[in-house]
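**Q** Here you go, sequence then predicted model.
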Amino acid sequence: MPEKEASLSPAEAVLRSFAIHNRIHLYLLDALAPEVWEAATPDGKGRNIAALVSHMHGVRLMWLKAAGDTALPPASEKTASIPEAKKSLEASAASIHALLAKALQGDGRIPGFKPDAWAFASYLIAHEAHHRGQMTLLARQLGHPLEKSVNFGLWQWGVR
């Protein structure tokens, strides 16, 4: 019989969920065709994929700054390479993890965000998942759709 997974506290589950969510970003970036990274959108409007990732990282930095974090990771340029963008996402995810962990070990609040740390994590996941969807759509519109296994892999939280 398989070993039962250890039970997590609600706080540990929030932290694990955000970590999985970030690893899914990295998984997606590894799967994108390099040709789509800085390609203009089909209609010439809005953010390209590189700019979407820069935006997600920037929003994380904005919330970290609003929460009083003074040791922010560097910003990510809209023209950053995929490896640079991955490094930025990893750095901001680590800072968000620290912010969430501190809040979840304390009163559950994130300075500058209401109502609480779980809502904050949910907000970030929803916001970034929206942009992840835009990235997959842009890749397809630009003639480089993700492989079917990658599309399914974006939803495999149990293995990421």
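**A** Alright, I've got the coordinates. Residues are numbered from 1 along each chain as shown.
**Q** hey, where'd the strands end up in this structure?
**A** Counting by DSSP state E, the chain has no strands at all.
**Q** At the geometric centre of it, which residue sits there?
**A** In the chain, the C-alpha nearest the mean C-alpha coordinate belongs to residue 22, at 4.3 Å (C-alpha atoms, centre = their mean).
**Q** For residue 144, grab phi and psi.
**A** phi -130, psi 60 (degrees, to the nearest 10).
**Q** distance of it from residue 53?
**A** According to C-beta to C-beta, to the nearest Å, residue 144 stands 16 Å off from residue 53. Yep, even glycine has a C-beta here, placed from its N, CA and C like the rest.
**Q** Between those two, which has more neighbouring residues?
**A** Remark: of residue 144 and residue 53, residue 53 carries more neighbours, 29 against 15, as counted by other C-beta atoms under 10 Å.
**Q** how near is the closest residue in space to the more buried one that isn't next to it in sequence to residue 143?
**A** The shortest distance from residue 53 to any non-neighbouring residue, by C-beta to C-beta, 6 or more residues apart in numbering, is to residue 85 (4.5 Å). According to C-beta to C-beta, residue 85 and residue 143 sit 21 Å apart.
**Q** So which of these two has more stuff around it?
**A** Using other C-beta under 10 Å, the more surrounded residue of residue 85 and residue 143 is residue 85, with 25 against 11.
**Q** Next up, phi/psi of residue 81, please.
**A** Backbone phi and psi, for residue 81 under degrees, to the nearest 10, turn out to be phi -70, psi 170.
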